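Trainee: please find the sequence and the predicted model below.
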Amino acid sequence: MDQRKINENELAAIPPCCLKARAFSPDAELEANCHATVVSGWFTEHQNSSDKGDKRVYFNNPMWPGEAHSLEVKNVLFKERSKFQEVLVFESATYGKVLVLDGILQLTEKDEFAYQEMIAHLPLCSIQTPKNVLVVGGGDGGVLREVARHSSVELIDICEIDQMVIDVSKKFFPDLAVGFEDPRVHLHVEDALELIRHVRKGKYDAIIVDSSDPVGPAQDLVEKPFFEMISNALRSGGVLCNMAESMWLHTHLINDMIAACREVFKGSVHYAWANVPTYPSGVIGFILCSTEGPHVDFRNPVNPIEKLEGAYDQSEPKFYNSQIHRAAFALPSFVKKQVSSL
Ligand code: SPD
């Protein structure tokens with residue numbers, strides 16, 4: 001804990017609502033009830049929070065013990081508590097606007113495209129003519145924007161639990177929220193488990209799970225019962241792409257997820273990854289699975305983006321291409337060793 005005294009300039013840089021969070025003792029920090037991740041003009045992704053009586057308490061996030069990543073804050077643009085989580089938007093000094101949920105960075109304007117393009121095109125370019133797609137989470141609209149590049153797609157259902165995430169994205173992140181404007185998009189604001197439980201068997205060609213980390217509302221989305229429901233909602237030979245954390249930090253979690261997926265998905269199961277500088281360790285992974293049926297060879301895109309009509313209508317993808325697609329499945333030796341189910 002930083003024990004030094006802050007000077008006048010630093011004090012002026014702290015948004016007034018954060019003064020309480022300027023904690024110089026552990027006890028005082030626990031008292032903080034207002035985006036305590038922004039302290040002395042810096043956002044630090046190292047905390048998680050939970051309700052204790054009528055108070056919000058903050059503690060080191062168990063997903064990333066012993067490390068933290070910080071961005072300089074120019075201006076806090078929005079902070080409010082929704083029914084599900086604390087939603088924060090700030091203008092950073094070097095990464096544009098940033099969206100944070102419950103103290104965890106979800107996206108920045110500078111590097112968001114790497115994640116959204118990969119999670120959307122890895123599955124959709126792995127099957128011929130995807131038609132019906134479900135996006136779970138993804139309330140910022142970025143994944144919708146990418147799915148909409150595929151002209152074969154006729155229906156894009158999205159199930160986001162938190163209306164505030166959608167509203168905030170429409171206000172502060174128009175380049176992502178543009179995804180909602182596509183006429184093929186049908187928005188469901190509800191718990192994805194409920195939607196998927198009641199969906200017609202085999203309805204979707206592809207399901208993309210763009211969740212937050214499994215420590216809050218998204219906890220159920222890495223468990224076997226969820227994968228079973230997903231599998232049921234996919235057609236034979238349909239595909240799932242699920243956000244799957246960092247191989248530098250979470251091989252245990254990846255192992256468990258892969259093992260659960262192998263039990264459920266009788267087609268193929270693979271792990272891929274991409275660099276996203278502002279995610280913990282600068283890396284994020286994806287689990288790709290297919291149901292029993294026509295074989296899906298995820299490692300070789302049969303529906304290459306370069307040949308897709310309409311894929312470049314708005315602008316070119318900035319990260320994803322067929323070479324990146326193939327490379328994303330190459331795994332370092334330590335991952336092959338530690339993730340025994342791969
Ligand atoms: N550790 C953060 C992982 C965030 C994954 N979801 C990001 C949402 C972007 N559409």
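Mentor: Arrived safely, thanks for sending.

Trainee: any idea how far the residue lying closest to residue 239 once chain neighbours are set aside lies from the ligand?
Mentor: Spatial nearest neighbour of residue 239, chain neighbours left out: residue 123 (4.5 Å); criterion: Cβ to Cβ, 6 or more residues apart in numbering. Any C-beta I mention is one placed from the backbone N, CA and C, and that applies to glycine too. Separation of residue 123 from the ligand (Cβ to the nearest ligand atom, to the nearest Å) stands at 15 Å.

Trainee: tell me the helices and strands packed up against the helix or strand hosting residue 123.
Mentor: Per DSSP states H and E, residue 123 falls inside helix 112-124. Helix 112-124 is packed against helix 142-147, strand 204-210, strand 234-243, strand 269-275, strand 283-290, helix 322-327, with contacts defined by 3 or more Cβ pairs under 8 Å, 6 or more residues apart in numbering; DSSP states H and E.

Trainee: list the contacts of it.
Mentor: 107, 130, 133, 142-143, 145-147, 149-150, 153, 176, 206, 208, 210, 239-241, 243, 272, 274-276, 279, 284, 286, 288, 298, 303, 305, 317-320, 324-325, 328 (Cβ atoms under 8 Å, 6 or more residues apart in numbering).

Trainee: cutoff 7 Å now
Mentor: Defining contact as Cβ atoms under 7 Å, 6 or more residues apart in numbering, one finds that helix 112-124 is touched by 130, 142-143, 145-147, 150, 176, 206, 208, 210, 239, 241, 243, 272, 274-276, 284, 286, 288, 303, 305, 317-320, 325, 328.

Trainee: check stretch 195-215 too.
Mentor: By Cβ under 7 Å, 6+ apart, stretch 195-215 touches 48, 61-63, 101, 104, 106, 119-120, 123-124, 127, 130-138, 143, 159, 188, 218, 221-222, 229-230, 232-236, 238-243.

Trainee: C-terminal to the lowest-mean-pLDDT helix or strand in the chain, what's the next element?
Mentor: Taking mean pLDDT, DSSP states H and E as the measure, helix 26-31 is the helix or strand of the chain with the lowest mean score, a mean of 36. Counting by DSSP H and E, the next helix or strand C-terminal to helix 26-31 is strand 38-39.

Trainee: what mean pLDDT does that following strand get?
Mentor: The predicted model assigns strand 38-39 a mean pLDDT of 74.

Trainee: and that strand, which strands flank it?
Mentor: Sheet partners assigned to strand 38-39 using DSSP bridges are listed as strand 42-45 (antiparallel).

Trainee: is the strand it pairs with up against the ligand anywhere?
Mentor: No. Applying Cβ under 6 Å from any ligand atom, one finds strand 42-45 separated from the ligand by no less than 8.2 Å.

Trainee: distance from the chain centre to that strand, please.
Mentor: Remark: strand 42-45 is offset 18 Å from the chain centroid, using Cα atoms, centre = their mean, to the nearest Å.

Trainee: using TSV, lay out the helices and strands packed on helix 112-124 together with mean pLDDT and distance to the ligand.
Mentor: Formatted as TSV, the helices and strands packed on helix 112-124 follow (pLDDT from 0 to 100; distance: least, Cβ to the nearest ligand atom, whole Å):
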stretch	mean pLDDT	distance to the ligand
helix 142-147	98	5
strand 204-210	98	5
strand 234-243	98	5
strand 269-275	98	12
strand 283-290	97	6
helix 322-327	98	18
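
Trainee: out of these, which gets nearest to residue 341?
Mentor: strand 269-275 (8.1 Å; Cβ to Cβ).

Trainee: and residue 63, what pLDDT?
Mentor: At residue 63, pLDDT is 77.

Trainee: quick one: name the residues of the stretch 201-342 of the chain near the ligand.
Mentor: 210, 212-213, 243, 279-280.

Trainee: one more pass at 8 Å, please.
Mentor: 210-213, 243, 245-246, 279-280, 284 (Cβ under 8 Å from any ligand atom).

Trainee: got those residues as CSV, with neighbour count columns?
Mentor: Converted to CSV, these look like this (neighbours: other Cβ atoms under 10 Å):
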residue, neighbour count
210, 25
211, 21
212, 21
213, 23
243, 25
245, 25
246, 20
279, 26
280, 23
284, 22
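
Trainee: need these in CSV with distance to residue 261, can you?
Mentor: Below are those laid out as CSV (distance: Cβ to Cβ, whole Å):
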residue, distance to residue 261
210, 17
211, 15
212, 19
213, 18
243, 13
245, 14
246, 18
279, 21
280, 22
284, 17
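
Trainee: closest to residue 83 out of the residues you listed?
Mentor: Relative to residue 83, and with distances defined as Cβ to Cβ, the nearest of those is residue 212, at 14.8 Å.

Trainee: sounds good, over and out.
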